[in-house]
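Participant: Quick one, structure for this:
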Amino acid sequence: MQMSRFQRVRAKVYLNAMGLWRRMTLGTRTMLVDGDKVLLIRHTYVPGWQFPGGGVEPGETLAGAAARELQEESGYRVIAPTLFGMYHNTSPITDRDHVAFFVSHKFEKAFEFKPSYEIAEVGWFDRAHLPDKVTPATSQRIDEYFDRAPRRDIWGY
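Facilitator: Now for the predicted structure:
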């Protein structure tokens with residue numbers, strides 16, 4: 001069914017107003033898995049090791065945003081991401097964020113990582129020997145995936 005010009009404008013104004021009113025945000029994280037190893041990053045502006053990820057931009061799909069953020073932050077290109085779960089992020093900063101968490105065993109190196117203003121380090125870690133200061137959410141997702149721990153609805157900073 002085709003919308004009239006008036007209906008399109010009205011819908012756009014309404015949806016944008018609701019976005020400003022509700023201030024909901026949507027982000028992604030991706031866990032690359034190579035046997036028992038996972039890829040983690042360390043940001044320059046927040047503490048702890050975590051999965052690559054970031055915000056979903058207007059016009060982007062969840063999988064598209066996950067792939068873009070992964071490549072920007074790590075240098076790896078995801079080939080076959082699978083949505084593992086959706087989580088409500090209740091960090092000390094916001095309770096209006098949701099995270100789409102993807103997992104993939106298929107990926108390739110797109111370029112060699114170099115530290116930037118945003119990402120200090122990238123590394124592969126055995127799930128049984130994670131680095132110091134891994135974020136609680138990262139540890140929880142690893143347990144959920146590898147050990148089939150009960151899934152939580154909360155991202156868990």
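
Participant: Partner strands of the helix or strand harbouring Val99, with direction?
Facilitator: Using DSSP states H and E, Val99 falls within strand 97-104. Applying DSSP bridges, strand 97-104 is found paired with strand 25-34 (parallel), strand 82-89 (antiparallel).

Participant: what residues does the first one touch?
Facilitator: Which is strand 25-34. 38-39, 50-56, 62, 65-67, 69-70, 74, 76, 78, 81, 84, 89, 94, 96-105, 107, 124, 141-142, 145 (C-beta atoms under 8 Å, 6 or more residues apart in numbering). The C-beta positions use only the backbone N, C-alpha and C, and glycine is treated the same way.

Participant: residues of the helix or strand that the strand holding Val99 is followed by that come out buried?
Facilitator: With elements assigned by DSSP H and E, the helix or strand that comes after strand 97-104 is strand 107-109. For strand 107-109, a neighbour-count test (16 or more other C-beta atoms under 10 Å) marks Phe107 as buried.

Participant: Arg141 looks like it's in a helix, true?
Facilitator: Yes - Arg141 forms part of a helix when assessed by DSSP: H, G, I helix; E, B strand; the rest coil.

Participant: All set now, cheers.
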